[in-house]
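# 3D, please:
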Amino acid sequence: MEIKIMPMKLEDLDRIMEIEHQSFTIPWSRTSFETEITKNGNAIYIIALLDNVIVGYAGMWKILDEGHITNIAVHPDNRKMKVGSNLVEALYAIAQKKNIRQITLEVRESNAAARKLYGKFGFTVAGRRKRYYADNNEDALIMWHVLRE
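Predicted coordinates:
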């Protein structure tokens, strides 16, 4: 099965919201995604398709020569199928084309699966945001990956 990566469109949002609500205790609103897609010129949002069904998505902001991954989510039925890896690889390819030198993100300290995925792609922990997550006051780990000096 081939995973296809495409730009996110407004018509994708019904499925995106389904995945968002199944993936996060504090999901983004539909309005937030609409704003990112239509009004934020620094935002890059992509979807992963498997058999023409959206199974995951990712977003990144380009801020000067840095990228900030805002979110990555995979439908629970499609986890451990390399969807997340394909999304990160696609963000890396986009970053290269847009002259992004390094990428950062925040991840829940308890999210071992995400931390393992990011570590596989060269992200390392560079800091901590104390009590970052409002649902349980969990710390976020700040991870960075330098693509090029």
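# ranges for the strands of this protein?
Along the chain, the stretches classed as strands by DSSP state E are 3-7, 43-50, 53-63, 66-74, 102-108, 124-129, 140-146.
# now the first one against strand 43-50, angle please.
In this case it means strand 3-7. Going by axes from the mean of the first three to the mean of the last three CA atoms, to 10 degrees, strand 3-7 is angled at 150 degrees with respect to strand 43-50.
# Contacts for stretch 85-96 next, please.
Residues lying outside stretch 85-96 but in contact with it, judged by CB atoms under 8 Å, 6 or more residues apart in numbering, are 3, 5, 44, 46, 48, 56-58, 60, 67, 69, 72, 74, 100, 103, 117-118, 120-121, 147. The way it works is simple: take the backbone N, C-alpha and C, and place the C-beta from them, glycine included.
# Quick check: residue 25 touching residue 138?
No: judged on CB atoms under 8 Å, residue 25 makes no contact with residue 138 at a distance of 9.9 Å.
# Neighbour count: those two, which is higher?
residue 138 (16 against 11; other CB atoms under 10 Å).
# residues contacting the more buried one?
So residue 138 contacts 108-110, 131-132 (CB under 8 Å, 6+ apart).
# Same question for residue 127.
141-142.
# separation between it and residue 70?
Between residue 127 and residue 70 the distance is 17 Å, computed by CB to CB, to the nearest Å.
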